[in-house]
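Q: model this:
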Amino acid sequence: MQETYGTGGLRERKRAQTADAIHLAAAGLVLERGLEATTIDAISERADVSNRTFFNYFPSKEDAVLGIDEQAVAAELDRVRDSTGDPVRATFDLIYAVFEASGGRHKNAALTREVLQKHPSLMTRQMVRVAELEDRLSAIVAGWLGDDPRFAGDTESQRLDEARVILGICLATVRVSMKKWASQTDGDPGGAASAPTDPRTTYERAITTLRTVLEKLR
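A: Residues are numbered from 1 along each chain as shown. Here you go, the predicted model:
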């Protein structure tokens, strides 16, 4: 049978499985031994890959612990590049796509939260990774604004500045909400059956919070 190399093809699935194995090994070791005591050699051994393979997926152990897969992030950015409708909502979806490709996948969400609770400095790394993508994200949002009648009369330079403002507001809102998500425990009130909320629910609440604040400021 011929391999499928398109989206969701065999190669992509195998790559995602290997990246996930390395991420799970790294996160598990950090919970057991601590961040400083966890080495790339130990991560590679537990994930049953070579160090060379490790670096094909992650540039550092911190990125492996968080699951920040550069190729997965790039693929998500390409996937969500085309969007219509509300630019604020679309920007939140764009940020969430990057978050999911950066260790925030639902199946690993509980593990990611536990790691961030014990090592909050890693939250900074996750947000820095998004900030490093700011120019690319702003360009995508500016492209959406070009298709929005409300911004059609602006110059490209104006739309890029406007996109940066929208992205900055959304990122700040997400940062607050994700810190709250990372600090949740099983005994926290408010979630279903007192369980922590999942990342997507946290994002939805962030959107609602932002809209409420903007409405009050009018």
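Q: count the residues that sit near I169.
A: 15 (other CB atoms under 10 Å). Just so you know, the C-beta spots here come from the backbone N, C-alpha and C atoms, and that holds for glycine as well.
Q: what residues does it make contact with?
A: L210 (CB atoms under 8 Å, 6 or more residues apart in numbering).
Q: try 10 Å
A: Applying CB atoms under 10 Å, 6 or more residues apart in numbering, one finds that I169 lies in contact with 88, 91, 210, 213-214.
Q: equivalent analysis for F58, please.
A: 19, 22-23, 26, 40, 43, 64-70.
Q: now the residue nearest to R129 when sequence neighbours are not counted: phi and psi?
A: Using CB to CB, 6 or more residues apart in numbering and skipping residues adjacent in sequence, the residue nearest R129 is I68, 5.5 Å away. In terms of degrees, to the nearest 10, the main-chain angles of I68 are phi -80, psi 100.
Q: start the count at 35 instead of 1 going forward.
A: With the count now opening at 35, the last piece we talked about shows up as I102.
Q: tell me how many other residues surround I102.
A: 26.
Q: my guess is it meets V132, correct?
A: Yes. Between I102 and V132 there is a contact under CB atoms under 10 Å: 9.4 Å.
Q: how's this structure carved up into domains?
A: The record's domain parsing of the chain by automatic domain parsing lists 35-101, 102-251.
Q: wait, what's in contact with K152?
A: Applying CB under 10 Å, 6+ apart, the residues contacting K152 are 64-65, 68-69.
Q: cool, A240 as well?
A: With contact set as CB under 10 Å, 6+ apart, A240 has these partners: 126, 129-130, 204, 206-212, 214-215.
Q: show me where pLDDT drops low in the protein?
A: Within the chain, the segments meeting pLDDT under 70 span 35-42, 114-118, 135-142, 164, 219-233.
Q: centre-most residue in it?
A: For the chain, the residue nearest the mean C-alpha position is F133 (0.8 Å; CA atoms, centre = their mean).
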